[in-house]
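1. Show me the folded form of this:
(one chain, ligands or ions: 1)
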Amino acid sequence: MSQDFATYKAFWDHQARDRLNAMLAVDGSGDDEVLLCTGQYTADQVVAALDLQPSDRVLELGCGVGRIGSELAARVGHWQGVDISQKMIDVARDRLSGFSNVSADVLERTRLDPAADQSLDKAYSVAVFIHLDKEDLFLYLQDLYRALKPGGRIYFDTWNIAHPVGFRRFAYEVNRFRDQAPVARKDVARNQFSCPQEIEIYLQQAGFEVAMMLADSPWIQAVAVKPGGSEPLEQIKGKLAAQRDTIIYGAGWTEFFDRLLQTIFEGVHPQALYDSLRARQGDREADMFATWLRGFWKLSEAQFGPAPAA
Ligand SMILES: C[S@@+](CC[C@H](N)C(=O)[O-])C[C@H]1O[C@@H](n2cnc3c(N)ncnc32)[C@H](O)[C@@H]1O
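-> Numbering: from 1, shown residues only. This is a model prediction of the structure:
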């Protein structure tokens, strides 16, 4: 249990103690094919949210094994991954060793020391703020502001407690702690939840202008801009609105995820979910989920029996 770990670093270094476990910790699959599939899906969201350009210097906060970075490195000028876990960084460096325009650095605290002031065009963070105390989330937003050039842009996500499925995800966490001794501190890296208004406040207090806030799924997805760039905010908002369907976790995604929660937390057999995903073959979200579910099922064959072949 993560309450055995006093720091983010100790917890995540333990999670990433070898390559398989590092992969498991970033998308729950531990499988190269699945990592590629989910990495492509998320990279498409990031490209659209940040309007990534070939000359951009881009930072990923909490890059893990480079699941997304390996998809983006060829599409940007420079990709820089940073992470609190040296073990994650070791795997990321190895997986990205074929690229000459990447760097990967370990962080020692809630501060982006490897990123110089006003050195970045864009930055993003996926599935990281869900594991941070709110103070650390805000500290990172402040430091991202420092490291971005004027007009620079960030994209990130976190759990959305204001959505019914987001709240159900929160309720599973609550159940984990129901019988915990009242004096015990909670896990340092436990899942944390926010509402859109809260994220908007953090962004504004850190100096950003909010360009997009999506909250129709268990995720809050935010795009924000550091003032002072040449492109007017209204123009950025217009372009983002046109990309909404690529960026958002859509209704299909939300439905699949809700059913997946029942499999993961309540042991509901995954066959019916898998069948309905296959019935929607060709749909981007259904195909990604089907690949992920096969990977998860393969790891859980003792519980659910043989996983389906691709
Ligand atoms: C669920 S993984 C996601 C990895 C990657 N963003 C992806 O989507 O594939 C969370 C990552 O955040 C990193 N992390 C956790 N706490 C952190 C912190 N306080 N500062 C920086 N990185 C952190 C972990 O080491 C881990 O690599």
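2. Quick check: buried residues in stretch 91-110?
-> V91, A92, R93, R95, L96, F99, V102, A104, D105, V106, L107, T110 (16 or more other C-beta atoms under 10 Å). Placement of C-beta: from N, CA and C, glycine included.
3. among these, which are in reach of the ligand?
-> Among the buried residues of stretch 91-110, the ones lying near the ligand by C-beta under 6 Å from any ligand atom are L107, T110.
4. ok, longest helix in this structure?
-> Using DSSP state H, we find that the single longest helix of the chain is helix 32-50.
5. what's in contact with it?
-> Under the criterion C-beta atoms under 8 Å, 6 or more residues apart in numbering, residues 23, 26-27, 29, 52, 56, 58, 65, 67-68, 70-72, 75, 122, 124, 126, 153-155, 212, 221, 223, 240, 243, 246-247, 284, 287-288, 291-292, 294-295, 310 lie in contact with helix 32-50.
6. Packing partners of the next helix or strand after it?
-> With elements assigned by DSSP states H and E, the helix or strand that comes after helix 32-50 is strand 57-61. Applying 3 or more C-beta pairs under 8 Å, 6 or more residues apart in numbering; DSSP states H and E, one finds that strand 57-61 contacts helix 69-72, strand 78-83, strand 120-125, helix 134-147.
7. okay, those in JSON lines with mean pLDDT, mean neighbour count and distance to P196 next?
-> Formatted as JSON lines, the helices and strands packed on strand 57-61 follow (pLDDT from 0 to 100; neighbours: other C-beta atoms under 10 Å; distance: least, C-beta to C-beta, whole Å):
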{"stretch": "helix 69-72", "mean pLDDT": "98", "mean neighbour count": "23", "distance to P196": "26"}
{"stretch": "strand 78-83", "mean pLDDT": "98", "mean neighbour count": "24", "distance to P196": "26"}
{"stretch": "strand 120-125", "mean pLDDT": "98", "mean neighbour count": "25", "distance to P196": "17"}
{"stretch": "helix 134-147", "mean pLDDT": "98", "mean neighbour count": "19", "distance to P196": "14"}
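8. Looking at these, spot the one closest to the ligand.
-> When those are compared by C-beta to the nearest ligand atom, strand 78-83 sits nearest the ligand, at 4.7 Å.
9. Show me what the helix or strand following the closest one is packed against.
-> Next helix or strand after strand 78-83 toward the C-terminus (DSSP H and E): helix 86-95. If you count contacts as 3+ C-beta pairs under 8 Å, 6+ apart, helix 86-95 packs onto helix 8-15, helix 19-27, strand 78-83, strand 102-106.
10. let's go with 10 Å and repeat that
-> helix 8-15, helix 19-27, helix 69-72, strand 78-83, strand 102-106 (3 or more C-beta pairs under 10 Å, 6 or more residues apart in numbering; DSSP states H and E).
11. The shortest one vs the ligand: in contact?
-> No - where contact is defined by C-beta under 6 Å from any ligand atom, no part of helix 69-72 touches the ligand; the two come within 8.4 Å at best.
12. With only the CA atoms kept, save that helix in CSV.
-> Provided in CSV are the C-alpha atoms of helix 69-72 (Å, rounded to 0.1, in the frame of the first residue of the first chain):
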residue,chain,number,x,y,z
GLY,A,69,6.5,11.4,-25.6
SER,A,70,7.4,8.6,-27.9
GLU,A,71,4.5,9.6,-30.0
LEU,A,72,5.2,13.3,-30.0
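13. start the count at 7, not 1, going forward
-> New numbering, starting at 7: the last item is helix 75-78.
14. what sits up against that helix?
-> Residues outside helix 75-78 that contact it (C-beta atoms under 10 Å, 6 or more residues apart in numbering) are 41-42, 44-50, 52-53, 56, 58, 62, 64, 66, 69, 72, 82, 85-87, 98, 101-102, 104-105, 108, 110, 128, 130.
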